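Peer 1: Model the following, please.
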Amino acid sequence: MPGRATRITTRVAFFLCGVTSLVSAAPYVMLRGAELPIQSEWIVFAIALGLLGIFSMTLTFLPRSWIAKLCHQDRDDPRLFSTPLKFLALFAAIFYGVAVFAHLAPHTWDLNPQLMFALCPMYFVRMTFDPSPAAVFFLLAPMNAAVYGALGAAAGYALLAFCRPK
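Peer 2: Sure, this is the predicted structure:
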């Protein structure tokens with residue numbers, strides 16, 4: 001993909017992932033943990049999702065030269081946007097699968113809710129009511145993929161910033 005197309009695609013993906021992270025944090029804040037079937041440390045999830053969304057959306061609007069300076073890269077280095085985009089895609093694919101697994105796992109397995117909240121922010125939907133497979137495949141799992149895609153983008157930039165090529 002040419003450089004300009006990669007930059008535009010990456011910025012659009014960062015924006016969508018950031019917005020999804022912020023939207024995913026809203027139910028935790030609205031429920032305040034009281035309506036959940038189990039006691040959860042809801043505030044930790046809401047803060048983590050909110051910070052991740054703000055970080056991802058900040059990356060969307062930062063000038064390329066600032067990002068290059070923060071990552072100790074050249075402004076025209078193709079890795080400046082391709083590496084985070086690859087991490088975003090990898091994390092999104094893995095955690096899409098995690099969300100589908102969380103839905104398909106039998107209720108008798110009694111998955112640890114705290115772990116599942118951390119791995120799948122929309123897991124409380126499954127705990128409060130049983131969503132249809134279509135809702136999981138086309139709404140909840142893509143939302144989970146977007147949230148963790150934002151985390152992947154952050155990991156990609158952390159790799160660029162802290163692991164300098166020799």
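Peer 1: Quickly find the element holding the closest residue to Ala155 other than its chain neighbours.
Peer 2: Of all residues not flanking Ala155 in the chain, Phe87 sits nearest, at 5.1 Å (Cβ to Cβ, 6 or more residues apart in numbering). For glycine as for every other residue, the C-beta is placed from the backbone atoms N, C-alpha and C. Assigned by DSSP states H and E, Phe87 belongs to helix 79-104.
Peer 1: list the buried ones in that helix?
Peer 2: Neighbour-count burial for helix 79-104, counted by 16 or more other Cβ atoms under 10 Å, picks out 80-85, 87-89, 91-92, 95-96, 98-100, 102-103.
Peer 1: ok, back up a step: tell me the spacing between the residue nearest to Ala155 and Tyr148.
Peer 2: 10 Å (Cβ to Cβ, to the nearest Å).
Peer 1: Can you check what angle separates the helix or strand hosting Gly53 from helix 79-104?
Peer 2: Taking DSSP H and E as the criterion, Gly53 maps to helix 42-61. Angle between the axes of helix 42-61 and helix 79-104 is 150 degrees (criterion: axes from the mean of the first three to the mean of the last three Cα atoms, to 10 degrees).
Peer 1: Keeping just the C-alphas, turn helix 42-61 into CSV.
Peer 2: Output of helix 42-61 as CSV, limited to C-alpha atoms (Å, rounded to 0.1, in the frame of the first residue of the first chain):
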residue,chain,number,x,y,z
TRP,A,42,-16.0,-1.6,37.1
ILE,A,43,-14.1,1.6,37.6
VAL,A,44,-10.9,0.0,36.5
PHE,A,45,-12.4,-1.1,33.2
ALA,A,46,-14.0,2.2,32.6
ILE,A,47,-10.8,4.1,33.2
ALA,A,48,-8.7,1.7,31.1
LEU,A,49,-11.2,1.9,28.2
GLY,A,50,-11.5,5.6,28.4
LEU,A,51,-7.7,6.2,28.4
LEU,A,52,-7.2,3.8,25.6
GLY,A,53,-9.9,5.6,23.5
ILE,A,54,-8.4,9.0,24.3
PHE,A,55,-4.9,7.8,23.4
SER,A,56,-6.1,6.3,20.1
MET,A,57,-8.1,9.4,19.1
THR,A,58,-5.1,11.6,20.0
LEU,A,59,-2.9,9.6,17.6
THR,A,60,-5.5,10.2,14.9
PHE,A,61,-5.0,14.0,15.1
